[in-house]
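J.: what follows is a predicted protein model with its sequence.
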Amino acid sequence: MTGTTSVGGPHLPRYHREDAALRTPVGFPDYRSTALRAPLRTPVDLAHRLTEVTGPVLGEDRVLPHDADLTLRNGGEAVGQRILVHGRVLDSDGRAVPGALVEVWQANAAGRYRHVGDSFPAPLDPHFDGLGRVVTDSLGRYEFMTVKPGAYPWGNHHNAWRPAHIHFSLFGRAFTQRLVTQMYFPDDPLFGQDPIFNAMPAAARHRAISRFSLERTQENWALAFEWDIVLRGSDQTPFETDDDGDVA
Amino acid sequence: MSEPFGNPLLVVPDAPGPHQPRSGRRGSGFLDGPLRLGTTPSATVGPYLAIGMTWPDGAWAAEEGTAGAFWIRGRILDGAGDLVADAMVETWQADPDGGFASPEDPRGAASYPGFRGFARSHTADPPGEFAVHTLKPGRVPDGDGGLQAPHIDVSVFARGILDRVVMRIYFADEAEANAEDAVLRALPEDRRSTLLATPADDGYRLDIHLQGERETVFFAV
């Protein structure tokens, strides 16, 4: 058997599912909001058919030129440490994912989101809305300029603080590749007490942490952080699998 | 490492460290399995997803005025029966001819006037309710010589959900096609109805229950 299935002739890719020991569970008791929201029943395996291996084409038409620079909004400059966030979007087969929409959102440098639901009494920045959008280039590369988000408190437990992070939403080529995640910064002292960070299996947590990138740091202007994002690949190399395409 | 080495397909966990995902099974001098990068773990969208995931035209898989288009509406409910007013629902589906607006379809990318196949809807207004404007998908091959019933693949994202949850919307007025659908047939009969949208004034309705006695059938994809 190969990593494809037949649909009356044409072969469909089958997207590899990461080992459960390296995937974030849908619920995690220390993150209290999951208690009533994360489904409790075991999900039913869904074979990958046409609807699952296809996906919307979302590219430059969803992006405006200024969307790649979050530091310039409403005619002025955002307050905070300027950072260039860059990296590649790949699939787990190592192939670049070109032309992929990347949506990001984040708190401002003081740790405040521009959102009616955020009541943290830190200042809003009139020149920062926290929204960015970019499309990967032909080599799967993306980059955007922003300010480093601040940490902020939340009500999960006593004196709970979220480590600085940037939210990422990615569409690959296929429904199976859809990913929403968060990028962290190296050596954040808040990791240990954050249940959203610790919900990721220990062996996979470092995949969510960016790397300080001196080589892309811009003299007299901005620090740089590099973060590669890996979506599920489709196991194009023929090899033995069990019936649902998962590793036995 | 806790995993045995007998199976060449096992992915060797990455070494701890603030570095990029790397392949399993490199450096052994020969390739005894597929090179595979570790996938990036998912995380919750959190409570402020509206900042990054809002599109003015999000709900419109089918443009306004498209012949045959309708609304699919529904509520999202948590385990206490409370409305989930900070979720995002995304839908992906075939067009009425059974084609997908995607070059990944081995039959070729389809184009259907006024239709893009994808929609996303917050559940903020009215609170807890999503709405997407779309067309009924055609039947598409199931890979085993049959046809699937008309269906829409759905992702649900929300604060308190660490990885998207996936379900399908089927249509209650497609009884004949539903009876032939391999995915529905594999489900216990009493749970199939959690995926069936029922006809309503301006289209269809289906509530999504994240937990509880009527917990929706969610899929591992």
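T.: Received, thanks.
J.: what about B:His133, how many residues close to it?
T.: Using other Cβ atoms under 10 Å in any protein chain shown, B:His133 has 21 neighbouring residues. In this view, the C-beta of every residue, glycine as well, is placed from N, C-alpha and C.
J.: ok, now which ones touch it?
T.: Each residue near B:His133 by Cβ atoms under 8 Å, 6 or more residues apart in numbering or on different chains is listed here: B:Ala59, B:Trp60, B:Ala61, B:Ala62, B:Glu64, B:Ala69, B:Phe70, B:Trp71, B:Ala119.
J.: just list what the longest strand seen in chain A packs against, helices and strands only.
T.: Longest strand in chain A, counting residues (DSSP state E): strand A:82-91. Where contact means 3 or more Cβ pairs under 8 Å, 6 or more residues apart in numbering or on different chains; DSSP states H and E, strand A:82-91 is packed against strand A:141-147, strand A:223-226, strand A:229-231.
J.: just the CA trace of that strand, in PDB.
T.: This file holds the C-alpha atoms of strand A:82-91, laid out as PDB (Å, rounded to 0.1, in the frame of the first residue of the first chain):
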ATOM      1  CA  ARG A  82      10.500  46.500  16.900                       C
ATOM      2  CA  ILE A  83      10.900  42.900  15.800                       C
ATOM      3  CA  LEU A  84      11.000  41.200  12.400                       C
ATOM      4  CA  VAL A  85       9.300  37.900  12.600                       C
ATOM      5  CA  HIS A  86      10.300  35.600   9.800                       C
ATOM      6  CA  GLY A  87      10.500  31.900   8.800                       C
ATOM      7  CA  ARG A  88       9.200  29.300   6.400                       C
ATOM      8  CA  VAL A  89       6.000  27.400   6.100                       C
ATOM      9  CA  LEU A  90       6.800  23.700   5.300                       C
ATOM     10  CA  ASP A  91       5.000  20.500   5.300                       C
END
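J.: tilt between it and strand A:141-147?
T.: Inter-element angle recorded for strand A:82-91 and strand A:141-147: 150 degrees (by axes from the mean of the first three to the mean of the last three Cα atoms, to 10 degrees).
J.: mind exporting the C-alpha coordinates of whatever helix or strand comes next after strand A:82-91 to PDB?
T.: The helix or strand immediately downstream of strand A:82-91 is strand A:101-105, counting by DSSP states H and E. This file holds the C-alpha atoms of strand A:101-105, laid out as PDB (Å, rounded to 0.1, in the frame of the first residue of the first chain):
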ATOM      1  CA  LEU A 101      -2.100  32.800   3.700                       C
ATOM      2  CA  VAL A 102      -0.700  33.500   7.200                       C
ATOM      3  CA  GLU A 103      -2.800  35.600   9.600                       C
ATOM      4  CA  VAL A 104      -1.400  36.900  12.800                       C
ATOM      5  CA  TRP A 105      -2.700  38.800  15.800                       C
END
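J.: what's next to strand A:101-105, contact-wise?
T.: With Cβ under 8 Å, 6+ apart as the test, strand A:101-105 has contacts from A:58-59, A:62-63, A:70, A:85, A:89, A:113, A:130-136, A:142, A:144, A:146, A:166-171, B:48-49, B:51-53.
J.: all the strands of chain B, residue numbers only.
T.: With DSSP E as the criterion, chain B has strands at B:70-77, B:87-93, B:118-122, B:129-134, B:152-158, B:165-171, B:196-200, B:203-205, B:208-209, B:219-220.
J.: does any bit of the last one sit next to chain A?
T.: Yes. Figure legend: strand B:219-220 in contact with chain A (Cβ under 8 Å from any Cβ of the partner chain); contacting residues B:Phe219, B:Ala220.
J.: quick one: distance of that strand to the chain centre.
T.: Counting by Cα atoms, centre = their mean, to the nearest Å, strand B:219-220 is centred 9 Å from the centre of its parent chain.
J.: same for that strand, what does it pack against?
T.: strand A:44-45, strand B:165-171.
J.: repeat for the third one
T.: Applying 3+ Cβ pairs under 8 Å, 6+ apart, we find strand B:118-122 packed against helix B:49-53, strand B:87-93, strand B:129-134.
J.: the first one now?
T.: Helices and strands in packing contact with strand B:70-77 are listed as strand B:87-93, strand B:129-134, strand B:152-158, strand B:196-200, strand B:203-205, strand B:208-209; criterion 3+ Cβ pairs under 8 Å, 6+ apart.
J.: again with the fifth one
T.: Under the contact criterion of 3+ Cβ pairs under 8 Å, 6+ apart, the helices and strands touching strand B:152-158 comprise helix B:49-53, strand B:70-77, strand B:87-93, strand B:165-171.
J.: can you put these in JSON lines and add mean neighbour count?
T.: Formatted as JSON lines, the helices and strands packed on strand B:152-158 follow (neighbours: other Cβ atoms under 10 Å in any protein chain shown):
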{"stretch": "helix B:49-53", "mean neighbour count": "21"}
{"stretch": "strand B:70-77", "mean neighbour count": "21"}
{"stretch": "strand B:87-93", "mean neighbour count": "26"}
{"stretch": "strand B:165-171", "mean neighbour count": "23"}
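J.: circling back to that earlier point, can you tell me which of the helices and strands packed on strand B:70-77 is most buried?
T.: strand B:87-93 (a mean of 26; mean count of other Cβ atoms under 10 Å in any protein chain shown).
J.: touching chain A at all, it?
T.: Yes. Counting by Cβ under 8 Å from any Cβ, chain A has neighbours in strand B:87-93: B:Glu90, B:Trp92, B:Gln93.
J.: for the second one, what are its contacts?
T.: So the one you mean is B:Trp92. Counted by Cβ under 8 Å, 6+ apart, B:Trp92 has contacts A:Thr51, A:Thr54, A:Gly55, A:Pro56, A:Phe175, B:Gly117, B:Phe118, B:Ile152, B:Asp153, B:Val154.
J.: name the member of those with the most neighbours.
T.: For the contacts of B:Trp92, the largest neighbour count, defined by other Cβ under 10 Å, is 30 neighbours, found at A:Thr54.
J.: find the nearest non-adjacent residue to it, please.
T.: In space, and not counting its chain neighbours, A:Thr54 is closest to B:Ser102: 3.7 Å by Cβ to Cβ, 6 or more residues apart in numbering or on different chains.
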